[in-house]
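[1] coords please:
(one chain, ligands or ions: 1)
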Amino acid sequence: MNFSDAFGQEQVIDYLKTVIKKGTIGHAYAFDGSPGIGKTLIALAFAKILLCKKMGTEPCDQCSSCLKFNHHNHPDVHIIEPDGNSIKNKQIEDFQHELMRKPYESQKKIFIIKKANEMSVSAQNRLLKTLEEPPKYAVIILISSNVNGFLPTIKSRCQVLKFKRVGERKIGEMLEKNYGLSQKEAKMLAVFSNGIVGNALKLMESQEFKDNRDKIIEIIEKLLSGDQFSAFQMADFFVTNKEQFEEYLDIMIFWFRDLLILRETGSEELLINQDKKTKIQMQLDTVEYDRISNIIAVIEKTKTDIKANVNFQLSIEMMLLNIPGGMKW
Ligand SMILES: [Zn+2]
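    Here you go, the predicted model:
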């Protein structure tokens, strides 16, 4: 667990390294950014350096502290995770007791609070007291996916470090280099990752994602060729996979986007679905050019509607009505 294990967050890492070098380590940080972007990983790497006996800007990976850290049994690191949906008052109380005990073997004592932005107001108020007057040795890192979920009083007592999304190209290159993926697959996963490295890695390992992507593409193919039954298959598919509707609607959007791009530019270079070029070429003649952008807009609207709690099944059926070869009644 070192800074070098993180990907694409150079700005945050450079900042933390400067802080370590200057010895101006704060008592409270909020690491803010999308889930999967590397906040906890960097928090742990930061903690490891702060605890390392060599006290450099990198952990030595040899001292007793680094070894304990690597074995997940360092007594001066505490990770607090939600008990159920959110961090409970009781957990904050326990944390406060622990905080008052001096570090066992290091200069610092590190607390990493996960999903901190989902804490209830009363838990946050309790935490506030600690942030107002933390002991000298304490470093508290709040992990958050939405810094606006904090009370302003909490926010103002933390240094907020923003974790930004990474460019698709960079993620693609990393997948090729570090995981030996083909350029085609790396590019496709990078686009679906939305600039979040954790998403790319999750998708890479998910056979379910690959199978379902194939299934969706197959149904689109049938839809476009006028197979009436496939619309019902598609509706069923979405009902079964309701939880991941956004991901699967994206698969559809990217597919039609590729049709549009290939039609407009004739260039296969720009396609997202690099591994399915032949299929895309074959479908080009089955759908009218003018309709493609309309279809993309319909799928986008379906996404927005479902997020706004419009009836799920109705939204999907409305969408299928608007795809050529889709539902007709
Ligand atoms: Zn060390």
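
[2] I'd like the average pLDDT over stretch 87-99.
    Per-residue pLDDT over stretch 87-99 has a mean of 92.

[3] Quick one: residues contacting residue 281.
    Residues in contact with residue 281 (C-beta atoms under 8 Å, 6 or more residues apart in numbering) are residue 262. To be clear about C-beta, it is placed using only N, CA and C from the backbone, and glycine gets the same treatment.

[4] do that again at 10 Å, thanks
    Listed by C-beta atoms under 10 Å, 6 or more residues apart in numbering, the contact set of residue 281 reads 259, 262, 268, 271.

[5] residues from the chain in reach of the ion?
    Taking C-beta under 5 Å from the ion as the criterion, the chain approaches the ion at residues 52, 59-60, 63, 66.

[6] Of the residues you listed, which is the most crowded?
    Highest neighbour count within the residues of the chain next to the ion: residue 59, with 24 neighbours (other C-beta atoms under 10 Å).

[7] just checking, that residue touches residue 74?
    No. Look at residue 59 against residue 74 with C-beta atoms under 10 Å: they stay out of range, at 11.3 Å.

[8] what residues do the two have in common as contacts?
    With C-beta under 10 Å, 6+ apart as the test, residue 59 and residue 74 both reach 47-48, 51, 65-66.

[9] Not counting its neighbours along the chain, what's nearest residue 89?
    The shortest distance from residue 89 to any non-neighbouring residue, by C-beta to C-beta, 6 or more residues apart in numbering, is to residue 123 (5.2 Å).

[10] Please list the outside residues in contact with the helix or strand encompassing that neighbour.
    Residue 123 belongs to helix 121-132 when assigned by DSSP states H and E. When contacts are defined by C-beta under 10 Å, 6+ apart, helix 121-132 is touched by residues 27-28, 86-93, 95-96, 99-100, 111, 113, 116-117, 119-120, 138, 140, 142, 149-151, 153-154, 156-158.

[11] So for the residue nearest to residue 89, what's the pLDDT?
    pLDDT for residue 123: 91.
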